[in-house]
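**Q** sequence? don't have it. structure:
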């Protein structure tokens, strides 16, 4: 089964509500993955506006 990604913050979710942005607007149509382990010290996380660790999709449609 393909993972669901939040359309707003692009975080992968398993439940019915996104723990980061509290929405329930998801998509299974996504491309690429990012694993952010330390959002405060990650250059990539700062560039794309991620503030907490987790698994994110690069593109969600």
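**A** Sure thing, it's come through. As the structure is a prediction and not an experimental result, all values here were calculated from the model.

**Q** what is the end-to-end distance of stretch 2-9?
**A** 18 Å (CA to CA, to the nearest Å).

**Q** rounded mean pLDDT for it, please.
**A** For stretch 2-9, the mean pLDDT works out to 94.

**Q** please apply the same query to stretch 14-27.
**A** Rounded mean pLDDT across stretch 14-27 is 94.

**Q** and for that stretch, what's in contact with it?
**A** With CB atoms under 8 Å, 6 or more residues apart in numbering as the contact definition, stretch 14-27 has outside contacts at 4-9, 11, 13, 52, 54, 60-61. From N, CA and C alone the C-beta is placed, and that goes for glycine too.

**Q** let's have the residues you listed in JSON lines, adding neighbour count.
**A** Conversion of the contacts of stretch 14-27 to JSON lines gives the following (neighbours: other CB atoms under 10 Å):
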{"residue": "4", "neighbour count": "20"}
{"residue": "5", "neighbour count": "26"}
{"residue": "6", "neighbour count": "24"}
{"residue": "7", "neighbour count": "18"}
{"residue": "8", "neighbour count": "14"}
{"residue": "9", "neighbour count": "21"}
{"residue": "11", "neighbour count": "22"}
{"residue": "13", "neighbour count": "19"}
{"residue": "52", "neighbour count": "13"}
{"residue": "54", "neighbour count": "17"}
{"residue": "60", "neighbour count": "22"}
{"residue": "61", "neighbour count": "9"}
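
**Q** how about the residues you listed in TSV, adding distance to residue 19 and secondary structure?
**A** Formatted as TSV, the contacts of stretch 14-27 follow (distance: CB to CB, whole Å; DSSP: H, G, I helix; E, B strand; the rest coil):
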residue	distance to residue 19	secondary structure
4	13	strand
5	13	strand
6	9	strand
7	15	coil
8	12	coil
9	10	coil
11	8	strand
13	7	strand
52	9	coil
54	9	strand
60	16	strand
61	22	coil
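
**Q** out of the residues you listed, what pair is the most spread apart?
**A** 52 and 61 (23.1 Å; CB to CB).

**Q** show me what the residue nearest to the spatial centre of the chain bridges to in the sheet.
**A** Centroid-nearest residue in the chain: residue 11, 1.7 Å away (criterion: CA atoms, centre = their mean). Beta-bridge partners for residue 11, by DSSP bridges, are residue 56.
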